[in-house]
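Chemist: 3D, please:
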Amino acid sequence: MFFAQYYLDCLSHASYLIGDEGTGRAVVVDPRRDVSEYLADAAAHGLTVVGVVNTHFHADFVAGHLELADSTGAWIGYGRRAETEYPIRPLAEGERIPLGDVVLEVMETPGHTPESISVLVYEHAGDEVPYGVLTGDALFVGDVGRPDLLASAGFTSEELGGMLHDSVQRKLMGLPDKVRVFPAHGAGSACGKHLSAETSSTIGEQRAANYACAPMSRERFVALVTAGQSAPPGYFAHDAALNRKDRRRYDSATAARPLSLAEFTALREAGAVVVDARDPREFAAGHLRGAVNVPADGRFAELAGTVLDPGDRLVVIAPERRAEEVLTRLARVGLDRAEGYLPDPEAALEALAAEVSPASRITAARLREALTGARPPLVVDLRTGDEREANGVIDAAVHIPLNELPRRAGELPAGRPLVLHCAGGHRSSAAAGLLRRRGFEDVSDLLGGYTAWALTAAPAT
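Modeler: Reported below is the predicted structural model:
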């Protein structure tokens, strides 16, 4: 058996290639949109991708099922409740997919979404105990999938939570302890609350350590898994809908298009948003007015999906030799209207010097002084509730998690200085750009974030 996990730290996303080395038949599970790595690995190991399985309609990224199907002729499989604009193979409970001696078996595990499935992997057709189970977003290492994402799409979180209870407590916990667990996400994903940084586990380990796998009533389970969920990023609904559609295919060769300065300027003047992926310090030193800073280092794709609108036309300023990477990562979360990038940002910024401005960043010490002044700024804490609880808060701050800022920006006073902060400074730099684009004029972000604040002692009195 050939078995490979592909893990994207930027999205905390895991996908899988499983093949039978005797027959050369293989299936990809939960693929990302840029599919060249799966195809290259399949070719290198003498495998042909005959099927693509999505364990559910993903909300946090655009899956690569259509790209793989176009490249290989593979069928696309979903749980039997799925409805799509493109042809699919409905997969029902107990259905077996033979690749040769290697066999996959479908287990319906609804709850995160109604159509969710898990995939049992048997290394040999006659094995009584599966090698592993690909759990999608039903079961994570240390957590389970959140059941509230579809609460506004015909199901309540309580209804989905009840389904998830049965899927986890009865079906998945009914597997033998030694069965390996391979989820679709790890730590950092907004699809759950307390995901582990480990990207695989076993049923036995989860039975012993995962709070949601301990025996409990349905009511208790629903209460636990629905409590304390932060608002999902705004792009989740867009991506979940896009994964149902017969959408435009992604092609890296045409996506990474260099723009002349004249093309870039014309697009910007026509309303395209400048996505500046440089480090926040470089951005603060000088950037094009109206640009939004989404640093390429860190959780770029998720942050971009949070502060940018899928309907916006985009033009990119990227760190050196990283333009194709940045454009690919935008496409992974459905930001498809990227027109191209500036091949020489330094020369372009020099040529457009009249349009370049610094961004205001404030140190922790200076913020402490400003808060005692005659016109103190309003401090906005962009972190999640869990981050605040674990690390502490600035007493004067109002709490608007970054995922909620695009829809709650109107709550902020337009005429008062604003200082935004996150944990370290990446998210706050992006959020400040969002607010400046919306007309807020006096916006700063806290250099070093709450980490710097906590390390800077308050002045003696």
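Chemist: CA only for contacts and neighbour counts going forward, please
Modeler: Will do.
Chemist: Any stretches of the stretch 301-450 of the chain with poor pLDDT?
Modeler: Low-confidence regions of the stretch 301-450 of the chain, defined here as pLDDT under 70, do not occur.
Chemist: one more time with 90
Modeler: Applying pLDDT under 90 to the stretch 301-450 of the chain picks out residues 385-386, 396, 414-415, 425-426.
Chemist: Which parts of the stretch 101-250 of the chain are strands?
Modeler: Remark: strands assigned in the stretch 101-250 of the chain by DSSP state E, counting those that start in this stretch are 103-108, 117-122, 132-136, 180-183, 201-202.
Chemist: which strands and helices sit next to the third one?
Modeler: Other helices and strands packing on strand 132-136, by 3 or more C-alpha pairs under 8 Å, 6 or more residues apart in numbering; DSSP states H and E, are strand 117-122, strand 180-183.
Chemist: again with the first one
Modeler: Contacting strand 103-108 under the criterion 3+ C-alpha pairs under 8 Å, 6+ apart are the following elements: strand 96-98, strand 117-122.
Chemist: Which one, of these, ends up nearest to residue 157?
Modeler: For the helices and strands packed on strand 103-108, the distance to residue 157 is smallest for strand 117-122, at 18.1 Å, taking C-alpha to C-alpha.
Chemist: what is the orientation angle of the closest one with strand 132-136?
Modeler: Here strand 117-122 runs at an angle of 170 degrees relative to strand 132-136 (axes from the mean of the first three to the mean of the last three C-alpha atoms, to 10 degrees).
Chemist: Show me what strand 117-122 is in contact with.
Modeler: 55-56, 78-79, 102-110, 129-136, 138 (C-alpha atoms under 8 Å, 6 or more residues apart in numbering).
Chemist: Export it to PDB, keeping only CA atoms.
Modeler: C-alpha atoms of strand 117-122 as PDB (Å, rounded to 0.1, in the frame of the first residue of the first chain):
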ATOM      1  CA  ILE A 117     -18.200  10.700   5.700                       C
ATOM      2  CA  SER A 118     -15.100   9.000   7.000                       C
ATOM      3  CA  VAL A 119     -13.000   6.600   5.000                       C
ATOM      4  CA  LEU A 120     -11.700   3.300   6.400                       C
ATOM      5  CA  VAL A 121      -8.500   2.200   4.800                       C
ATOM      6  CA  TYR A 122      -7.700  -1.600   4.700                       C
END
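Chemist: how distant is that strand from the center of its chain?
Modeler: Mean C-alpha position of strand 117-122 versus that of the full chain (C-alpha atoms, centre = their mean, to the nearest Å) differs by 23 Å.
Chemist: partner strands of it, parallel or antiparallel?
Modeler: strand 103-108 (antiparallel), strand 132-136 (antiparallel) (DSSP bridges).
Chemist: Among those, single out whichever gets nearest to residue 330.
Modeler: strand 132-136 (22.6 Å).
Chemist: burial measure for residue 407, as a count.
Modeler: Residue 407: 10 surrounding residues under other C-alpha atoms under 10 Å.
Chemist: And residue 230, by the same measure?
Modeler: Neighbours around residue 230, by other C-alpha under 10 Å: 17.
Chemist: Look at it and report its pLDDT.
Modeler: At residue 230, the pLDDT value in this model is 76.
Chemist: show me where the stretch 251-400 of the chain has strands.
Modeler: 273-276, 287-288, 292-293, 314-317, 338-341, 356-357, 361-362, 378-381, 398-399.
Chemist: re the thing from before, can you list the strands of the stretch 101-250 of the chain in JSON lines and add mean neighbour count?
Modeler: Formatted as JSON lines, the strands of the stretch 101-250 of the chain follow (neighbours: other C-alpha atoms under 10 Å):
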{"stretch": "strand 103-108", "mean neighbour count": "23"}
{"stretch": "strand 117-122", "mean neighbour count": "26"}
{"stretch": "strand 132-136", "mean neighbour count": "26"}
{"stretch": "strand 180-183", "mean neighbour count": "25"}
{"stretch": "strand 201-202", "mean neighbour count": "18"}
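Chemist: and residue 447, which of these is closest to it?
Modeler: strand 180-183 (35.8 Å).
Chemist: quick one: the closest one to chain centroid distance?
Modeler: With C-alpha atoms, centre = their mean, you get 19 Å for strand 180-183.
Chemist: Buried by neighbour count: which residues of stretch 265-273 qualify?
Modeler: 267-268, 272-273 (16 or more other C-alpha atoms under 10 Å).
Chemist: most neighbours per residue, which of the strands of the stretch 251-400 of the chain?
Modeler: strand 292-293 (a mean of 28; mean count of other C-alpha atoms under 10 Å).
Chemist: tell me how far that one is from the chain's mean position?
Modeler: Distance, stretch centre to chain centre, for strand 292-293: 18 Å (C-alpha atoms, centre = their mean).
Chemist: Just checking: what are the partner strands of it?
Modeler: strand 273-276 (parallel).
Chemist: Pull the contacting residues for residue 98.
Modeler: 104, 125.
Chemist: Residue 327 versus that one, what's the distance?
Modeler: From residue 98 over to residue 327 the distance is 37 Å, taken as C-alpha to C-alpha, to the nearest Å.
Chemist: follow-up on the earlier one: just the buried residues of stretch 265-273: which are in helices?
Modeler: Counted as lying in helices by DSSP state H, out of the buried residues of stretch 265-273, are 267-268.
Chemist: domain assignment for this protein?
Modeler: 2-241, 251-357, 361-455 (automatic domain parsing).
Chemist: how far is the last one from where the chain is centred?
Modeler: This points to domain 361-455. Between the centre of domain 361-455 and the centre of its chain there are 23 Å (C-alpha atoms, centre = their mean).
Chemist: change the start of the numbering to 23 and stick with it
Modeler: Sounds good: first residue 23 from here, last item domain 383-477.
Chemist: what's the span of that domain from first residue to last?
Modeler: End-to-end for domain 383-477, by C-alpha to C-alpha: 17 Å.
Chemist: cool, and the first one?
Modeler: Between the opening and closing residues of domain 24-263 lies a distance of 32 Å (C-alpha to C-alpha).
Chemist: residue ranges with poor pLDDT in the stretch 23-172 of the chain?
Modeler: 31-32, 168-172.
Chemist: quick revisit: let's have the helices and strands packed on strand 154-158 in a markdown table, adding distance to residue 313.
Modeler: Output for the helices and strands packed on strand 154-158, formatted as a markdown table (distance: least, C-alpha to C-alpha, whole Å):
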| stretch | distance to residue 313 |
| --- | --- |
| strand 139-144 | 41 |
| strand 202-205 | 36 |
